[in-house]
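**Student:** sequence first, then the predicted structure:
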Amino acid sequence: MKKFLKKFKLLFIAILIGGYAIISYSFVDNYFEVSKNLDIFATMFRELNIYYVDETNPGDLMKKGIDEMLASLDPYTNYIPESEIEDYRYMTTGQYGGIGALIRQQGDYVVISEPYEGFPAQKADLRAGDKILRINDIDAKGKKTDDISKILKGQASTVIKLLIDREGEKKPIEKTINREEIKIKSVSYSGMVSLHIGYIKLTGFTENAANEVKDALLNLKKNPELKSIVFDLRGNPGGLLKEAIDIVNLFAEKGTEIVSTRGKVKDWDKTHKAINNPVDLIIPMTVLIDRGSASASEIVSGSLQDLDRGVVIGQRSYGKGLVQQTRPLSYNAQLKVTVAKYYIPSGRCIQALDYSHRNEDGSVAKVPDSLISAFKTKNGRIVYDGGGVAPDITLVPQKYSSILASLVTKNLIFDYATKYRIVHETIVPAKEFKLSDIEYDSFVAFLNGKEYDYTTKSEKTIDELKEDAKDDKALDAISADIDALKAKIMHNKKDDLIKYKPEIKQFLEEEIASRYFFQNGRLEASLKDDPELKQALTVLNDPEQYKKILTTIVKAEKPMYNPDKDRYRNLKQSKGEEN
């Protein structure tokens, strides 16, 4: 027995020594590779800057090199130089020093596209459509939005002077504006959308987002008529993980698991639970999502779905299940690096693209079907990982016509709203505002002589057919037929203005409402004919259907990762740059 124990001890020690040697060798080998390549890079960088035939900019060269290196990993691992720290701070806190307005390019000048209500631009009576001619002593002609944005932003309590050209005014107007610390709220709007149903719109997950949602929820609950809630996360790109956890906690029992993270570094293997008392555990709710709902939005919508706490409506979400953390670098720079993947209560990760296994051409593939797994919600409903959050009720995304896209991108709807504001001092509340047929005819007349050409999908298809026929050496035989077909379907602008009148009117009403009631007015005008909101109201007004959706166990379809390629899906989000 003693001999056996002695042999066992020797074997155990040998295994320990061997294991330590392997680990040590692995560590030393990895350290050597890092050290060797850093040395190669440093010497190459030095030689390049000394001997390259033309003058180089070391800072630009280094940033390009770093950006390309990080781009080979994933889109979310980024280098943030000191010069861009303020922009990054705005992304995480929603705060910046400036005048509080969106700007956009229009010809040789930059114009105000939307002042924020209650901030310096609006207090100084800057209006959408105002053309910036001069800032302090700087001529603004020929400058791009980035250039103007850098000048408009600055430390709070400092003064800036603007010379603007306003349509309807004979002379330029000078404005003196005191910059302020601008804090854009994450909850952009909350209120009642019907007698018994409240609505909360969350646009981001910056610091204090959870408290904003809590305050909005408590204010709605003061209404004795309130019976249910619509929580809108459409177009919300995400943000801080903590805020997402705290928002789910508002609707979940204390101690409930909300999300877990797992990474290469074991410090990132964490389980996050609800640590506060909930605000409401029973109020029926629907959650609206779309292809623009990502990251923290998916934690909230996915967790509420997994907990069977609400009915999710809309389109499949983006599919970003990666967690980032910032790490300090030299000279006040930062590295935002992907450190883990997150997993919602059912155990699923909703990351759609597999960045760890790229194709030979460098492209990234979706998670293969063979690796997609089924999970169960609290009530036993089947859900899947590997492709974003799939709604409980899927709706076809709203698509817009080519003529509307052209009218928006050519700023013609924007310009008409500017003229409308000059003629009409006031309008009815945004919820009630409707453009009359006579006013729409006025818009059509306004378009006379304006350039807004476009190509329809049918016309594109015919052009592609012509090219294919040419490649197949068959064009001569069918050229006349193709031309005749194209002539038949060639768009007529006047006909299209009538055919697509409802959607064009919708955009006009939203733009005009924003001139009087700012961001809240734009949103209220957009909700009048919102198909996803209508579906949410239908579900919430039918308690039996609501209950059935959350309790019926059916075999769900596996996720099909198919990004929305509708090139007009961001029309409502292209309003300009924050200042």
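**Tutor:** Everything's here; your move. As the structure is a computational prediction, the values presented were derived from the model and not from experiment.

**Student:** and L540, how many residues sit next to it?
**Tutor:** 24 (other Cβ atoms under 10 Å). C-beta: built from backbone N, CA, C; applies to glycine.

**Student:** how close does it get to N520?
**Tutor:** 22 Å (Cβ to Cβ, to the nearest Å).

**Student:** what of G235?
**Tutor:** 16 Å.

**Student:** ok, these two, which is more surrounded?
**Tutor:** Ranked by neighbour count (other Cβ under 10 Å), G235 and N520 place G235 first, with 20 against 17.

**Student:** which element is the more buried one on?
**Tutor:** Here G235, judged by DSSP states H and E, is contained in no helix and no strand.

**Student:** ok, now R134?
**Tutor:** strand 131-135.

**Student:** same check on R104?
**Tutor:** Going by DSSP H and E, R104 is in strand 101-106.

**Student:** buried ones in that strand?
**Tutor:** Neighbour counts over strand 101-106 (16 or more other Cβ atoms under 10 Å) mark A101, L102, I103, R104, Q105 as buried.

**Student:** next one: stretch 117-132
**Tutor:** Buried-residue list, stretch 117-132, by 16+ other Cβ under 10 Å: F119, P120, A121, Q122, A124, L126, R127, A128, G129, D130, K131, I132.

**Student:** those residues: which two are farthest apart?
**Tutor:** Greatest spacing in the buried residues of stretch 117-132, by Cβ to Cβ: F119 and K131 (19.9 Å).

**Student:** against which helices or strands is the strand holding R134 packed?
**Tutor:** strand 109-115, helix 145-152, strand 159-165 (3 or more Cβ pairs under 8 Å, 6 or more residues apart in numbering; DSSP states H and E).

**Student:** and the angle for that strand with strand 109-115?
**Tutor:** Using axes from the mean of the first three to the mean of the last three Cα atoms, to 10 degrees, the direction of strand 131-135 lies 110 degrees away from that of strand 109-115.

**Student:** C-alpha coordinates for strand 131-135, PDB please?
**Tutor:** The C-alpha coordinates for strand 131-135 follow below in PDB (Å, rounded to 0.1, in the frame of the first residue of the first chain):
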ATOM      1  CA  LYS A 131     -29.100  78.900 -42.700                       C
ATOM      2  CA  ILE A 132     -25.900  79.500 -40.700                       C
ATOM      3  CA  LEU A 133     -23.900  82.300 -42.500                       C
ATOM      4  CA  ARG A 134     -21.300  83.000 -39.800                       C
ATOM      5  CA  ILE A 135     -20.200  81.700 -36.400                       C
END
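
**Student:** quick check: mean pLDDT across it?
**Tutor:** Mean pLDDT, strand 131-135: 97.

**Student:** neighbouring strands for that strand, and are they parallel or not?
**Tutor:** Sheet pairing of strand 131-135 (DSSP bridges) gives strand 109-115 (antiparallel), strand 138-139 (antiparallel), strand 159-165 (antiparallel).

**Student:** can you list the domains in the protein?
**Tutor:** 95-183, 187-397+556-567, 402-551 (automatic domain parsing).

**Student:** wait, which of those is closest to T56?
**Tutor:** T56 sits nearest to domain 187-397+556-567 of all the domains of the chain, at 19.0 Å, using Cβ to Cβ.

**Student:** show me where the stretch 351-500 of the chain has helices.
**Tutor:** For the stretch 351-500 of the chain, the helices defined by DSSP state H, counting those that start in this stretch cover 402-409, 412-423, 437-446, 457-471, 475-489, 493-499.

**Student:** give me the nearest residue to the most centrally placed residue in the chain, chain neighbours excluded.
**Tutor:** Geometric centre of the chain, nearest residue: P237, 3.4 Å, by Cα atoms, centre = their mean. Distance criterion Cβ to Cβ, 6 or more residues apart in numbering; nearest residue to P237, sequence neighbours excluded, is A294 at 5.1 Å.

**Student:** tell me how many other residues crowd the one you found.
**Tutor:** Neighbour count for A294, taken as other Cβ under 10 Å: 23.

**Student:** got the confidence number for it?
**Tutor:** 95.

**Student:** which SS class is it?
**Tutor:** At A294, secondary structure determined by DSSP: H, G, I helix; E, B strand; the rest coil is coil.

**Student:** quick one: residues contacting it.
**Tutor:** Counting by Cβ atoms under 8 Å, 6 or more residues apart in numbering, A294 touches N236, P237, G238, S317, Y318, G319, K320.

**Student:** report pLDDT for P284.
**Tutor:** pLDDT for P284: 98.

**Student:** let me see the contact set for it.
**Tutor:** Per Cβ under 8 Å, 6+ apart, neighbours of P284: K227, S228, I229, G310, L540, P543, Y546.

**Student:** do you know how far it is from R381?
**Tutor:** Distance from P284 to R381, by Cβ to Cβ: 17 Å.

**Student:** now swap in I177 and tell me
**Tutor:** Per Cβ to Cβ, I177 is found 54 Å from R381.

**Student:** and what of P237?
**Tutor:** P237 is 27 Å from R381, by Cβ to Cβ.

**Student:** and if you look at E180?
**Tutor:** Going from E180 to R381 by Cβ to Cβ gives 48 Å.

**Student:** contacts for stretch 217-224, please.
**Tutor:** S190, G191, M192, G198, I200, L226, I229, L250, V279, D280, I283.

**Student:** average model confidence for the helix or strand encompassing the second one?
**Tutor:** If I follow you right, that is G191. When elements are assigned from DSSP H and E, G191 belongs to strand 187-192. Mean per-residue pLDDT for strand 187-192: 96.

**Student:** what element comes up after it heading to the C-terminus?
**Tutor:** Proceeding N to C from strand 187-192, the next assigned helix or strand is strand 197-202, under DSSP H and E.

**Student:** can you check what angle separates that following strand from strand 187-192?
**Tutor:** Using the same axes, to 10 degrees: strand 197-202 against strand 187-192 is 180 degrees.

**Student:** out of the helices and strands packed on strand 131-135, deepest packed?
**Tutor:** strand 109-115 (a mean of 23; mean count of other Cβ atoms under 10 Å).

**Student:** mind listing the strands for the stretch 451-579 of the chain?
**Tutor:** 577-578 (DSSP state E, counting those that start in this stretch).

**Student:** contacting residues around G129?
**Tutor:** V111, I112, R166, E167, F414, D415, A417, T418, R421.

**Student:** flag the least confident of these.
**Tutor:** Pick the lowest pLDDT in these and you get E167, at 93.

**Student:** and the pLDDT at Y199?
**Tutor:** At Y199, the pLDDT recorded in the model is 98.

**Student:** now the strands for the stretch 151-300 of the chain?
**Tutor:** For the stretch 151-300 of the chain, applying DSSP E, counting those that start in this stretch gives strands covering 159-165, 173-178, 180-183, 187-192, 197-202, 228-232, 257-262, 270-273, 285-289.

**Student:** just to revisit the earlier point, just the angle between the strand holding R134 and strand 173-178, please?
**Tutor:** 60 degrees.

**Student:** gap between strand 131-135 and the chain center?
**Tutor:** Distance of strand 131-135 from the chain centroid (Cα atoms, centre = their mean, to the nearest Å) equals 30 Å.

**Student:** just want the angle from that strand to strand 101-106.
**Tutor:** Using the same axes, to 10 degrees: strand 131-135 against strand 101-106 is 110 degrees.

**Student:** angle of strand 131-135 against helix 145-152?
**Tutor:** Using the same axes, to 10 degrees: strand 131-135 against helix 145-152 is 50 degrees.

**Student:** for the stretch 401-550 of the chain, which spans come out with low pLDDT?
**Tutor:** Within the stretch 401-550 of the chain, the stretches with pLDDT under 70 are 456-459, 462, 465, 469, 474-475, 481-482, 485-491.

**Student:** what's R262 in contact with, if anything?
**Tutor:** The contact partners of R262, by Cβ under 8 Å, 6+ apart, come to W268, D269, A340, K341, Y343.
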